[in-house]
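Colleague: let me see the structure of the following:
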Amino acid sequence: MALPGQIDLNDLMVFGAVAEAGSFTAGAERLGVAPAKVSLEIARLESQLGVALFTRTTRKVVLTEAGHALREDSLPLLQRLLASVANLQTADAELTGSLRIAAPVDHAVQLLSPALARFAAMHPRLHVDLRTSDRVSDLVGEGLDVAIRMGWLRDSSMRAVRLGGFDQYVVTSPAYLKTIEPPRMPEDLASLEWIALSLMRTPLTWPFTSDGQAPQTVHMKSRIRVDSPGALGALIRAGAGITIMEQYSVREDLASG
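Modeller: Model (predicted):
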């Protein structure tokens, strides 16, 4: 929403958050956005007003005289405007619009879909677009609202929330196990027919830990690589080799022996 003179109300909200928090980083955390976005919007607001709103140091930001004036004059009005809008909304207002979600294929099938079905039933006016792919999605470029991923978080300016944890198992089929000397130590895996999941950053390098011992890293050899956890599981069940898989993908196989 823009005011006369092309001043965006969102920029004023960002300004208020930084002024209250005392730093761009703390203001960004309060708003739930990336610090770079806060810096960009403050710079835009200062450019449009033609004045500096903050004096920046390496440790904090301090309001200038113009910043104090803007805070005193505009923020109470903005807060009353937001309160007026909030009063029009009931506590049990229905969710509307569209929700675009990205998730790995297997995770969507095994865990997410039942929960999403219940969620959609609770909000009948909400349109849900579930996009399944085993590759990491570009949230901004693909217009996604949220992405669910399994693994280690890479460096990102996106906001992330840890939903839970999972175990990983070294797995193979009974048929393949009959053709080899069963591995007893992590280093024994290096000589076996390893199947690599190419979606991972280091699919042939795995660390193993044991209580009271230093971590041990093992480098595998692989003739077969796949880019899908589903295909990886199918190859393992067919006796093609050995690999590491997360617990949800193999729990039915383990339960059946």
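Colleague: count the residues that sit near the residue nearest to L163 when sequence neighbours are not counted.
Modeller: In space, and not counting its chain neighbours, L163 is closest to I148: 7.3 Å by Cβ to Cβ, 6 or more residues apart in numbering. For glycine as for every other residue, the C-beta is placed from the backbone atoms N, C-alpha and C. By the other Cβ atoms under 10 Å criterion, the neighbourhood of I148 contains 13 residues.
Colleague: need the longest helix for the chain.
Modeller: helix 65-87 (DSSP state H).
Colleague: which elements pack onto that one?
Modeller: Counting contacts by 3 or more Cβ pairs under 8 Å, 6 or more residues apart in numbering; DSSP states H and E, helix 65-87 is packed against helix 9-21.
Colleague: let me see the mean pLDDT of the helix it packs on.
Modeller: Taken as a whole, helix 9-21 has an average pLDDT of 85.
Colleague: where in the stretch 1-150 of the chain is pLDDT low?
Modeller: 1-6, 58, 86-93 (pLDDT under 70).
Colleague: can you show me the strands along this structure?
Modeller: 2-3, 7-8, 54-56, 61-63, 97-103, 126-132, 146-147, 168-172, 194-197, 205-208, 216-219, 222-226, 242-246 (DSSP state E).
Colleague: the residue nearest to L163 and A102, how far apart?
Modeller: 7 Å (Cβ to Cβ, to the nearest Å).
Colleague: give me the neighbour count for the nearest residue to S191 once chain neighbours are set aside.
Modeller: In space, and not counting its chain neighbours, S191 is closest to K221: 7.6 Å by Cβ to Cβ, 6+ apart. The tally of other residues near K221 (other Cβ under 10 Å) stands at 12.
Colleague: now K221: how far from T96?
Modeller: Going from K221 to T96 by Cβ to Cβ gives 54 Å.
Colleague: before we move on, what about L204?
Modeller: For L204, the distance to T96 - Cβ to Cβ - is 48 Å.
Colleague: so those two - more neighbours on which side?
Modeller: Between L204 and T96, counted using other Cβ under 10 Å, L204 has the larger neighbour count: 15 against 10.
Colleague: residues touching the residue nearest to E94 when sequence neighbours are not counted, list them.
Modeller: Computed as Cβ to Cβ, 6+ apart, the closest residue to E94 that is not its neighbour in sequence is R125, at 5.0 Å. R125 makes contact with 94-96, according to Cβ atoms under 8 Å, 6 or more residues apart in numbering.
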